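[1] Sequence unavailable; structure follows:
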């Protein structure tokens, strides 16, 4: 392969150099960008990006005359915020609230801390419930012979009456 720049290679081959997603953008960072580029830069799928927009988490996205979405650097920054909040397990409602606080320069950090602490408390309860499930399953697995016989304490427990 030749070490010549792409424009030089395309002249030699008789083809016009065409812009691609990996070529140097025309502006400093290529803003605004189409949905696929915005999704890639934010680390979300285009489908999730449209979903967040439909939920109102990402408002005012510009469109071209032909209706294609065009995302700004600020939009992508917001999408990264949403993705990180989702990674931490916040609900869509909590994310909407956190976004509002993030965008409010006069917010009190106490509000943000309260939301985060409530989420920590919820995670603690969910972890405790999962640990209880794990202990129950470990006990059942310990009782099961796991051989060729049809008797199975795991299935017996699952088929038994509900527990309080």
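    That came through fine. Every value quoted in this text rests on a predicted model; they were computed, and no experiment measured them.

[2] mind listing what's buried in the longest helix belonging to the chain?
    Ranked by residue count under DSSP state H, the longest helix found in the chain is helix 109-143. Using 16 or more other CB atoms under 10 Å as the test for burial, helix 109-143 gives 115, 119, 140. All C-beta spots, glycine's among them, are computed from the backbone N, C-alpha and C.

[3] Remind me what that helix packs against, helices and strands.
    helix 92-103, helix 153-159 (3 or more CB pairs under 8 Å, 6 or more residues apart in numbering; DSSP states H and E).

[4] Give me the contact list for the longest one.
    Residues outside helix 92-103 that contact it (CB atoms under 8 Å, 6 or more residues apart in numbering): 55-57, 78, 81-82, 85-86, 90, 107, 111-112, 115, 119.

[5] and the direction of it versus that of helix 109-143, what angle?
    When axes from the mean of the first three to the mean of the last three CA atoms, to 10 degrees is applied, the directions of helix 92-103 and helix 109-143 differ by 150 degrees.

[6] What are the buried residues along helix 92-103?
    94, 95, 96, 98, 99.

[7] what bits of this protein have low per-residue confidence?
    1-29 (pLDDT under 70).

[8] measure the spatially most central residue of the chain to residue 58 for me?
    The C-alpha lying nearest the average C-alpha coordinate of the chain belongs to residue 83 (CA atoms, centre = their mean; 3.9 Å). Separation of residue 83 from residue 58 (CB to CB, to the nearest Å): 11 Å.

[9] before we move on, the earlier item: would you turn the buried residues of helix 109-143 into JSON lines with distance to residue 38?
    What follows is those, written out as JSON lines (distance: CB to CB, whole Å):
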{"residue": "115", "distance to residue 38": "26"}
{"residue": "119", "distance to residue 38": "27"}
{"residue": "140", "distance to residue 38": "48"}
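
[10] in stretch 53-70, what's buried?
    Applying 16+ other CB under 10 Å to stretch 53-70 flags 53, 57, 58, 61, 69, 70 as buried.

[11] could these go into a markdown table alongside secondary structure and distance to residue 45?
    Converted to a markdown table, the buried residues of stretch 53-70 look like this (DSSP: H, G, I helix; E, B strand; the rest coil; distance: CB to CB, whole Å):
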| residue | secondary structure | distance to residue 45 |
| --- | --- | --- |
| 53 | helix | 13 |
| 57 | coil | 15 |
| 58 | coil | 14 |
| 61 | coil | 16 |
| 69 | strand | 14 |
| 70 | strand | 18 |
